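S.K.: build me a model:
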Amino acid sequence: MTTITDTITEVMIITRIIEIKMMRILIVFIGFLVVSCQTSDDHGHAHDEHGNHMSDDSEVPAVDYTIWTDNTELFVEFPALVVGQPSRFAAHFTKMDKHKAVTEGSLTVSIIKGKNGIRVTEEAPARPGIFTPTLQPKEAGVYEVVFDLKTSEYSDRIVIKNVMVYASISEAVESLGDNADDVSISFLKEQAWKMEFQTTPVIQKEVYNVISTSGVWKVAPSDHLTLVAPTNGRISFMHTNLMVGSKVKKGLVLLTVQGKGLSHDNIEVELEKAKVNYDQAKSEFERKKSLFESKIIPESAMEKAQQKFDLAASEYENLNSDYSSNGKLVTIPFDGYIKSIDVDNGKFVNQGDPLFTIAHHTTSLLEVQISPSFAADLSTIQDLWYEPKKGIWSSLNNKGGKIISITDEVDSKRPMLSVFAEILDDVDMPEGSFTEVQISTGSPLKSLVVPTSSLLESYGNYSVIVQLTGEKYERRPISIGNRNGSEVAVLSGLMQDEIVVSIGAYQVKMASMSGEVPSHGHAH
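M.R.: Alright, predicted model coming up:
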């Protein structure tokens, strides 16, 4: 006989079984949603297992082109052009300067064969850097595809020749095949646009033999000025925060020299005497001049009075110049900074005593130390490279500077030769600091060069990142020669006009080591 207790127990067991089954169904459903989210690409274009972009129409193979001009890099992807089939372009436009996306402007794309063709205009990018026009060709053949970009900064026209329009999808598939063997590094434009990135073409240039050394920044003698006491007296600073290194502006009153309370050499007393002499000499000169004009006295008497008056006027004007009720003013003659302070507040000084030394960097002096073993090479100096700011190289010739002198003797106290160069550059380095220096000598040789910032070094071996297409890169080993400032000669491994990554090479290298294909991008 079944009791009420047994019945309640059976109901509880059945309920628990139903809960477990529902929980399993829910877990399976959630797992399905997670997998679905992971396999979709809501942020942009998808990539296959080789890192290639996949078009919306999987039957039509995709093609891409990369063209560089002086202003622009165009990387464009689109399904192969087939008669009657719409092909949506993904045209990535990058400004070569700073390698940033084109974020505004219009784009007209034309496909032209002979005098016939079709065109479409996009008034703005679909996304920063990316225009997405769609074209539908009507006739098979070989075409030119023309991109006319107009922005507020500049305009550019890019022409891609010999672009095929196929009669059918099967013909396009047979002709293009696939890129299954592509082992290049994938690095999307969206990644490059969001970071410091720059590409530079490999060019041919004259490269010199160089002496790598260092130099010390100094202020040119013409840029020093020591302010001296204009008269005897006691010093009174006009500012409480003056110190070595303080920046000062032209016309600033640094201090005054006062003679009040002094029994002798008192500027106030001297000024009063000079004023009395000036007034007397002026009156005497005017009286003698009137008598001379009336022919009462000879001309020599009038000239003697004039000389006395001129002398008195000069003395008075000299004392009265820059004079105030606080004493004689000492002002800054040019913008610069305080190099040294040679007097204390309240101290008595004599006329001519040094007060302050002011300096400015209109020109800078660079003293370069060189081993005597290079003495013979110094007679054929062609240029000198230096760093006016940390990590930035400048050329003496390009900036209009010059070699001032080269020492030709050494001794126990100065065992090195010195080259002194006048630098006409905005030097952002303190006086007395060091800079790397390269001195070029001899005759130049033609060589391929790349920026030194593009070099990747590993245990003495060098490589660069070469841009193959807009989003495909390759790490290439190279051998290098002389460095001329911010450029280095390439002896092997590169060809002229190839494009290397000059800023951001390390990030591309890390992308190649991760083994992962970026999953974000732009929709086609």
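
S.K.: how many neighbours does Ala90 have?
M.R.: Ala90 is flanked by 26 other residues according to other C-beta atoms under 10 Å. No exception for glycine: its C-beta is placed from N, CA and C like everyone else's.

S.K.: what do you get for Ile185?
M.R.: Neighbours of Ile185 under the rule other C-beta under 10 Å: 21.

S.K.: specify the beta-bridge partners of it.
M.R.: Going by DSSP bridges, Ile185 is paired in beta bridges with Tyr473.

S.K.: which SSE is immediately downstream of the strand or helix carrying Phe147?
M.R.: Per DSSP states H and E, Phe147 falls inside strand 141-150. As assigned by DSSP H and E, the chain's next helix or strand after strand 141-150 is strand 155-166.

S.K.: report the buried residues of that following strand.
M.R.: For strand 155-166, a neighbour-count test (16 or more other C-beta atoms under 10 Å) marks 156, 158, 160, 163-166 as buried.

S.K.: okay, the angle between that strand and strand 141-150?
M.R.: If you take axes from the mean of the first three to the mean of the last three C-alpha atoms, to 10 degrees, strand 155-166 sits at 160 degrees to strand 141-150.

S.K.: what pairs with strand 155-166, parallel or antiparallel?
M.R.: Checking strand 155-166 against DSSP bridges gives partners strand 81-82 (parallel), strand 141-150 (antiparallel).

S.K.: which stretches of the stretch 301-450 of the chain have low pLDDT?
M.R.: Within the stretch 301-450 of the chain, the ranges that satisfy pLDDT under 70 run 319-325, 361-362.

S.K.: again, only this time at 80
M.R.: The stretch 301-450 of the chain contains residues with pLDDT under 80 at 312-313, 315-328, 336, 359-363, 430-431.

S.K.: strands of that one, start to end?
M.R.: Remark: strands assigned in the stretch 301-450 of the chain by DSSP state E, counting those that start in this stretch are 323-324, 327-331, 336-341, 348-349, 354-359, 364-370, 381-389, 392-395, 402-406, 417-423, 434-451.

S.K.: JSON lines for those strands, including distance to Thr231 and mean neighbour count?
M.R.: Output for the strands of the stretch 301-450 of the chain, formatted as JSON lines (distance: least, C-beta to C-beta, whole Å; neighbours: other C-beta atoms under 10 Å):
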{"stretch": "strand 323-324", "distance to Thr231": "9", "mean neighbour count": "14"}
{"stretch": "strand 327-331", "distance to Thr231": "5", "mean neighbour count": "19"}
{"stretch": "strand 336-341", "distance to Thr231": "19", "mean neighbour count": "17"}
{"stretch": "strand 348-349", "distance to Thr231": "9", "mean neighbour count": "18"}
{"stretch": "strand 354-359", "distance to Thr231": "12", "mean neighbour count": "19"}
{"stretch": "strand 364-370", "distance to Thr231": "33", "mean neighbour count": "21"}
{"stretch": "strand 381-389", "distance to Thr231": "41", "mean neighbour count": "20"}
{"stretch": "strand 392-395", "distance to Thr231": "45", "mean neighbour count": "18"}
{"stretch": "strand 402-406", "distance to Thr231": "37", "mean neighbour count": "14"}
{"stretch": "strand 417-423", "distance to Thr231": "36", "mean neighbour count": "20"}
{"stretch": "strand 434-451", "distance to Thr231": "42", "mean neighbour count": "18"}
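
S.K.: and Thr66, how far is that from Pro201?
M.R.: 13 Å (C-beta to C-beta, to the nearest Å).

S.K.: out of those two, which sits in the more crowded spot?
M.R.: Neighbours were counted for Thr66 and for Pro201 using other C-beta under 10 Å; Thr66 has more, 18 against 15.

S.K.: contacting residues for the residue nearest in space to the middle of the chain?
M.R.: For the chain, Ile392 is the residue whose C-alpha lies nearest the centre (C-alpha atoms, centre = their mean; 8.0 Å). For Ile392, the contacting residues are Ser486, by C-beta atoms under 8 Å, 6 or more residues apart in numbering.

S.K.: heads up, I number from 19, so please use that
M.R.: Yes, from this point I'll number from 19; that puts the last item at Ile410.

S.K.: which residues does it bridge with?
M.R.: Per DSSP bridges, the residues bridged to Ile410 are Lys407.

S.K.: that one and Glu454, how far apart?
M.R.: Separation of Ile410 from Glu454 (C-beta to C-beta) stands at 11 Å.

S.K.: coming back round to it: can you point out the buried residues in the strand holding Phe165?
M.R.: Under the neighbour-count criterion of 16+ other C-beta under 10 Å, strand 159-168 has 159, 161, 163-167 buried.

S.K.: output the strand or helix carrying Ile483 as CSV, restricted to C-alpha atoms.
M.R.: Element membership for Ile483 (DSSP H and E) is strand 479-485. The C-alpha trace of strand 479-485 is given here as CSV (Å, rounded to 0.1, in the frame of the first residue of the first chain):
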residue,chain,number,x,y,z
ASN,A,479,72.5,40.3,-37.7
TYR,A,480,70.1,42.8,-39.2
SER,A,481,66.7,42.5,-40.9
VAL,A,482,63.9,44.9,-42.0
ILE,A,483,60.2,44.5,-42.5
VAL,A,484,59.3,44.8,-46.2
GLN,A,485,55.8,45.8,-47.1
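
S.K.: other SSEs contacting it?
M.R.: strand 474-476, strand 490-502, strand 517-521, helix 523-532 (3 or more C-beta pairs under 8 Å, 6 or more residues apart in numbering; DSSP states H and E).

S.K.: got the contact list for the residue nearest to Gly263 when sequence neighbours are not counted?
M.R.: Of all residues not flanking Gly263 in the chain, Tyr355 sits nearest, at 6.0 Å (C-beta to C-beta, 6 or more residues apart in numbering). Applying C-beta under 8 Å, 6+ apart, we find Tyr355 in contact with 263-266, 376-378.

S.K.: quick one: buried ones out of these?
M.R.: Applying 16+ other C-beta under 10 Å to the contacts of Tyr355 flags 266, 376-378 as buried.

S.K.: distance to Ile350 for these - can I get that in TSV?
M.R.: Listed next are these as TSV, based on distance: C-beta to C-beta, whole Å:
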residue	distance to Ile350
Val266	5
Ile376	6
Ala377	11
His378	10
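
S.K.: just those now: which is nearest Leu347?
M.R.: Val266 (14.3 Å; C-beta to C-beta).

S.K.: so the closest one sits right up against Leu272, yeah?
M.R.: Yes. Counting by C-beta atoms under 8 Å, Val266 touches Leu272, with 7.4 Å between them.

S.K.: what's across from Arg145 in the sheet?
M.R.: Here Arg145, judged by DSSP bridges, has bridge partners Ile148.

S.K.: meant to ask about Val100, not that
M.R.: Counting by DSSP bridges, Val100 forms beta bridges with Tyr184.

S.K.: state the distance from it to Val191.
M.R.: Val100 sits 10 Å away from Val191, going by C-beta to C-beta.

S.K.: and this protein, what are its domain boundaries?
M.R.: The record's domain split for the chain, according to automatic domain parsing, is 19-58, 80-215, 217-237+381-521, 239-377.

S.K.: could you export these to JSON lines, including columns for distance to Met528?
M.R.: Listed next are the domains of the chain as JSON lines, based on distance: least, C-beta to C-beta, whole Å:
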{"stretch": "domain 19-58", "distance to Met528": "24"}
{"stretch": "domain 80-215", "distance to Met528": "10"}
{"stretch": "domain 217-237+381-521", "distance to Met528": "11"}
{"stretch": "domain 239-377", "distance to Met528": "42"}
